[in-house]
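Participant: Here is my input; please provide its structure:
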Amino acid sequence: MTTDAVTSTPLRPAAQGDADGRAAAEIATAAGELLLAHLMELEREGVDPADVRKAGDRLSHEFLVATLGERFPGDAVLSEEGADDLDRLGADRVWIVDPLDGTREFGEPGRTDWAVHVALVEGGELVAGAVAMPALGVTFSTAVAAAPHPPLPAAPRVVVSRTRRPEPVMTMATALGAELIEMGSAGAKAMAVVRGEADVYAHAGGQYEWDSAAPVAVARAAELHVSRIDGSELHYNQRSPWLPDLLICRPELAGTVLEELRR
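Facilitator: Numbering: from 1, shown residues only. Next comes the predicted model:
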């Protein structure tokens with residue numbers, strides 16, 4: 001197995017991004033706490049899971065948009081749950097948020113693999129972000145120094161979707177002799193690599209900017225490899241927010257993983 005690392009664009013120096021990273025973490029955490037309270041209340045009332053999911057999406061979206069508007073009144077916001085105002089293309093600072101990533105898991109009692117994403121693009125660059133995992137009581141952000149990576153296991157651990165297994169990803173995992181770890185949301189999968197509980201997260205089944213912006217920001221800050229599955233850079237605040245594929249992995253594995261994905 002080759003260990004060639006592929007360079008990905010770094011975040012700006014930490015001193016410049018700390019304030020925005022802390023703000024992203026605070027806001028994502030608060031949205032997550034709101035979702036947890038909402039979930040507990042609706043579960044006690046026996047509300048249908050589909051209604052729980054829908055209400056959670058809307059509640060978190062409204063909170064995030066209102067809070068970002070109050071704290072950063074000159075900034076634009078791109079949210080999965082909101083209408084896309086293309087004036088954001090001319091804005092210097094754009095927050096990209098996913099109010100509830102892993103909506104399916106949020107509506108399933110006892111699941112922890114759902115998240116809240118808050119990221120900031122400034123001057124066309126992804127500069128800060130946070131991923132809150134409320135059911136685990138933890139928030140990952142670009143404001144926190146990266147922990148050392150643990151030693152790689154003998155068999156790489158590839159995190160995969162519970163319901164969708166794109167052929168390129170499965171072919172890559174088979175070639176690496178990987179252990180598969182099933183998980184829900186994109187944020188949860190990416191944070192499994194950040195935490196050192198998985199080594200590769202590759203997605204090829206279709207995503208949008210809000211699915212990956214915050215996880216990519218946090219993964220970069222953790223000194224992981226991030227790119228599209230062909231090795232090219234990820235670009236945010238584009239006219240179309242469609243950004244269909246993603247690779248987050250240990251840098252030691254990037255060369256091998258990309259070679260297999262390109263096949």
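Participant: Pull the number of nearby residues for D92.
Facilitator: D92 has 11 neighbouring residues, counting by other C-beta atoms under 10 Å. Just so you know, the C-beta spots here come from the backbone N, C-alpha and C atoms, and that holds for glycine as well.
Participant: Now do the contacts for it.
Facilitator: By C-beta atoms under 8 Å, 6 or more residues apart in numbering, the residues touching D92 are E122, G123.
Participant: For E125, see how far away it is.
Facilitator: 11 Å (C-beta to C-beta, to the nearest Å).
Participant: For E223, grab phi and psi.
Facilitator: Phi and psi for E223, reported as degrees, to the nearest 10, are phi 60, psi 40.
Participant: Can you report how many residues lie near it?
Facilitator: There are 15 residues near E223, going by other C-beta under 10 Å.
Participant: and if you look at A175?
Facilitator: 15.
Participant: Just list the residues touching it, thanks.
Facilitator: E260.
Participant: try 10 Å this time
Facilitator: By C-beta atoms under 10 Å, 6 or more residues apart in numbering, the residues touching A175 are M1, T256, V257, E259, E260, L261, R263.
Participant: Look up how far A19 lies from the closest residue in space to E167 that isn't next to it in sequence.
Facilitator: Excluding the flanking residues, the one nearest E167 by C-beta to C-beta, 6 or more residues apart in numbering is A204, at 8.0 Å. A204 sits 35 Å away from A19, going by C-beta to C-beta.
Participant: now the helices: where do they sit in the stretch 101-250 of the chain?
Facilitator: Along the stretch 101-250 of the chain, counting by DSSP state H, counting those that start in this stretch, helices occupy 103-106, 167-176, 186-194, 209-221.
Participant: right, and those - which one's nearest T142?
Facilitator: helix 209-221 (4.1 Å; C-beta to C-beta).
Participant: pLDDT on that closest one, on average?
Facilitator: On average, the pLDDT along helix 209-221 is 98.
Participant: before we move on, what about stretch 233-250?
Facilitator: pLDDT averaged over stretch 233-250 gives 97.
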